[in-house]
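Chemist: Using only what follows, build the 3D model:
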Amino acid sequence: MEQNDLGKTSIGLQPNLAALLSYLAGFITGIIFYVLEKENKFVRFHAMQSIVTFGFLFVGTFVFGIVPFIGWVIAFLLWIASVALWILLMIKAYQGVYFKLPVAGDIAEKNS
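Modeler: Numbering: from 1, shown residues only. As a prediction, the model looks like this:
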């Protein structure tokens, strides 16, 4: 779903830039932008999707990283997938697109 007019933000940044920045440091910047942005649904959506997606991936990578050998391989593959997803989500946010991931996107949509 694409939207041309993304409105204004309460933090003074362009909505597409704020949405991109909500992914920059994973769930950490997601939390920051979710707390700071009170009005713009586009920014809040991407911030919440960042929190859910990268929070889950952070925990998953950590848990698999504890398990010797096969867990390390899975953690490494999860990390590679995380980097690819991180880049894709930042590009889509900057383009002004509501790029909704299957589970995280539903949660973000309900809480934005």
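
Chemist: all contacts plus neighbour counts: C-alpha atoms, from now on.
Modeler: Noted.

Chemist: Which secondary structure element is home to the residue nearest in space to the middle of the chain?
Modeler: Nearest to the geometric centre of the chain sits Ser50, at 2.0 Å (C-alpha atoms, centre = their mean). Per DSSP states H and E, Ser50 falls inside helix 41-66.

Chemist: downstream neighbour of that helix in the secondary structure list?
Modeler: As assigned by DSSP H and E, the chain's next helix or strand after helix 41-66 is helix 70-94.

Chemist: what's the angle between that next one and helix 41-66?
Modeler: Relative orientation of helix 70-94 versus helix 41-66 (axes from the mean of the first three to the mean of the last three C-alpha atoms, to 10 degrees): 170 degrees.

Chemist: list the buried ones in helix 70-94?
Modeler: 71-72, 74-75, 78-79, 82, 86, 89-94 (16 or more other C-alpha atoms under 10 Å).

Chemist: Over to stretch 10-26?
Modeler: Pro15, Asn16, Ala18, Ala19, Leu20, Leu21, Ser22, Tyr23, Leu24, Gly26.

Chemist: Likewise for stretch 35-43?
Modeler: Residues of stretch 35-43 classed as buried: Glu37, Asn40, Lys41, Phe42, Val43 (neighbour count, 16+ other C-alpha under 10 Å).

Chemist: what about it, distance to the chain center?
Modeler: 14 Å (C-alpha atoms, centre = their mean, to the nearest Å).

Chemist: Ok, stretch 39-52 next?
Modeler: Stretch 39-52 sits 8 Å away from the centroid of its parent chain (C-alpha atoms, centre = their mean).

Chemist: Could you do stretch 64-83 as well?
Modeler: On C-alpha atoms, centre = their mean, the centre of stretch 64-83 falls 20 Å from the chain's centre.
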